[in-house]
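**Q** A structural model of the following input is requested.
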Amino acid sequence: MKIAVPYNNGMIFQHFGHTKQFKIYEIADKKIISEEIIDTNGIGHSMLVNLLVSKGIDSFICGGIGGCARTGFAENNIQLFPGVEGEADKAVKDFLSDNLKYDLNKICSHHDHNHNCSHHIQI
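**A** As a prediction, the model looks like this:
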């Protein structure tokens, strides 16, 4: 299993579409067996979903996230845990011990503009 988190200086970055890095955790037997920080190389929003799909992500822990990205995760069978704040490592450890506090209704509030989601790519 692989879990990803939008990452900034040890913390969960709160705006999915503008994150510059993800921290990816590989999990076996409910334990972290490896960690990797990857750069997004300037891509944003739904194209970030494609990046995570290409990395084999199964679950995604984040803060705020817009509707297009949510759709992209659903289309690619990535389990989403939005509304999480604080340290990335702690959130993943909480997830592994079934103690993660998240809010399925947490969205990015600035997503009130007309945004075309048709550029999702299923990999």
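
**Q** quick one: stretch 43-55 to chain centroid distance?
**A** Relative to the chain's own centre, stretch 43-55 is displaced by 9 Å; criterion: C-alpha atoms, centre = their mean, to the nearest Å.

**Q** An error on my part: the question was meant for stretch 26-45.
**A** 9 Å.

**Q** do the same with stretch 45-65
**A** With C-alpha atoms, centre = their mean, you get 5 Å for stretch 45-65.

**Q** what's the first-to-last distance across it?
**A** 9 Å (C-alpha to C-alpha, to the nearest Å).

**Q** Could you list the buried residues of it?
**A** 45-53, 57, 59-65 (16 or more other C-beta atoms under 10 Å). Using the backbone N, CA and C atoms, a C-beta is placed for each residue, glycine as well.

**Q** Tell me which entries of those lie within strands.
**A** Counting by DSSP state E, those place S59, F60, I61 in strands.

**Q** Helices along this protein, start to end?
**A** 46-54, 67-75, 88-96 (DSSP state H).

**Q** where in the protein is pLDDT low?
**A** 106-123 (pLDDT under 70).

**Q** what pairs with the residue positioned nearest the centre of it across the strands?
**A** Using C-alpha atoms, centre = their mean, the residue of the chain that lies closest to the mean C-alpha position is F60, 3.9 Å off. On DSSP bridges, the residues paired with F60 through beta bridges are A4, L80.

**Q** try E26
**A** K2, S34.

**Q** for it, what are its contacts?
**A** Contacts here follow C-beta atoms under 8 Å, 6 or more residues apart in numbering; on that basis E26 touches M1, K2, I32, I33, S34, E35, E36.

**Q** Would you agree R70 is in contact with I78?
**A** No. Applying C-beta atoms under 8 Å as the test, R70 and I78 come out as separate, 10.1 Å apart.
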